[in-house]
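Novice: model the structure of this input:
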Amino acid sequence: MMGSGAEAADEAVAALNARGEKVGLVKVRLYRPFSVKAFCESLLPTVRSIAVLDRTKEAGAAGEPLCLDIVNAIHEGQRRGYGSLKTTPTVIGGRYGLSSKEFTPAMVKAVYENLAQPSPKEHFTIGIQDDLNHTSLDYDPEFSTEPDSVVRALFYGLGAEDTVGANKNSIKIIGENTGNYAQEYFVYDSKKSGAMTVSHLRFGPKPIHSTHLVSKATSSPATSGSSSNATTCSAVWFREELSCSTVRLAKTRFGISCPAWSSSIAKKAKLFVIDAYEVARSTGMGSRMNTILQVCFFASSNVLPRGEAIEAIRKSIRDTYGRKGEEIVQKKMKAVDETLSHLFEVKIPDAITSTIEMPRHSRKMLRHSSAMCWR
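Specialist: Below is the predicted model:
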């Protein structure tokens, strides 16, 4: 395969090889002109079967572009004596990532499992639910290659309230003030202001190559004294739309439905609550809460010692807003102090006491959240 999806495949190959699987990956870096000789020489002599992944669909063709080139390259290469293949391998083609669909190591694992079958499915799709032609491969979404040394955090917020801005500054502080590598990615609703945004953050002691969204929480603390997973939710009306499996932080009044409570009890999660809107109003910040959210995250996650984190935030405020005037800087400095006095932990009980049920319409809405305006 070629393109950014190859990073997810690389992760899967490393994990599967560590378990004793005999799988490999060839990354095509130059597609035109296509080098038959270079491709054939990249294959080990023992290769028996190859799956070619294309991120395109060419209607009416015998196969997708890269797949057809690979089939031709193998036959032409053997005729010319390129490479050292002992036999002519079986070649099948598949599609992934169409319409910006996710592509994860779990999907790559499914491709290898299909390839190992006596009669593998050809012209398959992965990560795309094809309920018309039934070409989809089933995969296990629980399969993950990310080590527990990588902290993964999810932040649910409202557009225009500065959740994204807060997380951009937070990941910058982590990258500059710790020994961790950092990664951030943001998913915006098409309606932007007032709609839901999701921030995906990763950081850990080794370079991060994941090109997919955060899907599985960290199960144990990472290095540098950092906490495990962090999940935040912005608005009280999200409580019936999102069933958070692990909760570290909530930046406003936050209600959790029964399924989340049972999961939180089982996972020994922690819940922190703050009325960020009240803090923003009382400190003259209006509806802007990026500074407040930064303080909440660092105060509850232990990524950095609290005092060191607060000083880093103060420095970030000076660097970012100093040119806009001392009045704005002082408002934000006041917001830092007020946040610490308004943030508190809610103890999760040992048993479920709530009788609130998630409405049936909420389950349906959750599946289509990316196209909704939340009100």
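Novice: remind me which residues of the stretch 251-375 of the chain are low pLDDT?
Specialist: The stretch 251-375 of the chain contains residues with pLDDT under 70 at 251-268, 357-375.
Novice: domain ranges for the protein?
Specialist: With domains defined by automatic domain parsing, the chain comprises 5-126, 151-367.
Novice: ramachandran angles for residue 186?
Specialist: Recorded main-chain torsions at residue 186 are phi -130, psi 130, according to degrees, to the nearest 10.
Novice: if I look at it, how far off is residue 299?
Specialist: Shown here: residue 186 relative to residue 299, a distance of 22 Å by C-beta to C-beta, to the nearest Å. Any C-beta I mention is one placed from the backbone N, CA and C, and that applies to glycine too.
Novice: who has more neighbours out of those two?
Specialist: residue 299 (19 against 15; other C-beta atoms under 10 Å).
Novice: pretty sure that one is touching residue 339, no?
Specialist: Yes - look at residue 299 against residue 339 with C-beta atoms under 8 Å: they come within range, at 7.5 Å.
Novice: which residue ranges form the strands in this protein?
Specialist: 49-54, 90-96, 124-126, 151-158, 181-188, 196-204, 230-233, 271-273, 344-346 (DSSP state E).
Novice: as CSV, the ones you listed with distance to residue 18 would be great.
Specialist: Below are the strands of the chain laid out as CSV (distance: least, C-beta to C-beta, whole Å):
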stretch, distance to residue 18
strand 49-54, 20
strand 90-96, 23
strand 124-126, 22
strand 151-158, 20
strand 181-188, 21
strand 196-204, 18
strand 230-233, 28
strand 271-273, 35
strand 344-346, 38
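Novice: the ones you listed: lowest mean pLDDT?
Specialist: With a mean of 59, strand 230-233 has the lowest mean pLDDT of those.
Novice: tell me how many other residues surround residue 79.
Specialist: A total of 9 residues lie near residue 79 under the criterion other C-beta under 10 Å.
Novice: please apply the same query to residue 118.
Specialist: 4.
Novice: coming back round to it: pick the most buried one from the domains of the chain.
Specialist: domain 151-367 (a mean of 18; mean count of other C-beta atoms under 10 Å).
Novice: dump the residue contacts of the closest residue to residue 47 other than its chain neighbours.
Specialist: Of all residues not flanking residue 47 in the chain, residue 89 sits nearest, at 5.1 Å (C-beta to C-beta, 6 or more residues apart in numbering). Residue 89 makes contact with 43, 47, 48, 49, 50, 74 under the criterion C-beta atoms under 8 Å, 6 or more residues apart in numbering.
Novice: relative to residue 120, how far out is residue 89?
Specialist: Residue 89 is 12 Å from residue 120, by C-beta to C-beta.
Novice: quick one: which of the strands of the chain is nearest residue 211?
Specialist: Ranking these by proximity to residue 211 (C-beta to C-beta) places strand 181-188 first, at 9.0 Å.
Novice: now for that closest one, which elements pack on it?
Specialist: Packing partners of strand 181-188 (3 or more C-beta pairs under 8 Å, 6 or more residues apart in numbering; DSSP states H and E): helix 163-177, strand 196-204.
Novice: okay, the angle between the first one and strand 181-188?
Specialist: Relative orientation of helix 163-177 versus strand 181-188 (axes from the mean of the first three to the mean of the last three C-alpha atoms, to 10 degrees): 170 degrees.
Novice: touching helix 163-177 from outside, list them.
Specialist: 155-157, 180-184, 186, 188, 197, 199, 201, 203, 234, 251, 289-294, 297-298, 303-304, 308-309, 312-313, 316, 320.
Novice: follow-up on the earlier one: what's the most distant pair in the contacts of residue 89?
Specialist: Maximum distance among those (C-beta to C-beta): 12.3 Å, for 48 and 74.
Novice: include distance to residue 132 when you put the domains of the chain into JSON lines, please.
Specialist: Listed next are the domains of the chain as JSON lines, based on distance: least, C-beta to C-beta, whole Å:
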{"stretch": "domain 5-126", "distance to residue 132": "11"}
{"stretch": "domain 151-367", "distance to residue 132": "19"}
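Novice: from residue 130, how far off is residue 122?
Specialist: Residue 122 is 14 Å from residue 130, by C-beta to C-beta.
Novice: how near is residue 40 to residue 23?
Specialist: In terms of C-beta to C-beta, residue 40 sits 19 Å off from residue 23.
Novice: next: residue 355.
Specialist: From residue 355 to residue 23 the distance is 50 Å (C-beta to C-beta).
Novice: cool, and residue 6?
Specialist: 14 Å.
Novice: quick one on the thing from earlier: closest to residue 96 among the contacts of residue 89?
Specialist: residue 50 (15.3 Å).
Novice: name whatever forms a beta bridge with that closest one.
Specialist: Per DSSP bridges, the residues bridged to residue 50 are residue 91.
Novice: list the contacts of it.
Specialist: By C-beta under 8 Å, 6+ apart, the contact set of residue 50 is 70, 74, 89, 90, 91, 92, 115.
Novice: ok, which stretches of the stretch 1-150 of the chain are helices?
Specialist: 5-18, 36-42, 65-80, 105-115 (DSSP state H, counting those that start in this stretch).
Novice: including distance to residue 282 and mean pLDDT, could the ones you listed go into JSON lines?
Specialist: Shown next, in JSON lines, are the helices of the stretch 1-150 of the chain (distance: least, C-beta to C-beta, whole Å; pLDDT from 0 to 100):
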{"stretch": "helix 5-18", "distance to residue 282": "45", "mean pLDDT": "95"}
{"stretch": "helix 36-42", "distance to residue 282": "63", "mean pLDDT": "96"}
{"stretch": "helix 65-80", "distance to residue 282": "58", "mean pLDDT": "96"}
{"stretch": "helix 105-115", "distance to residue 282": "46", "mean pLDDT": "97"}
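Novice: sweet, I'm off.
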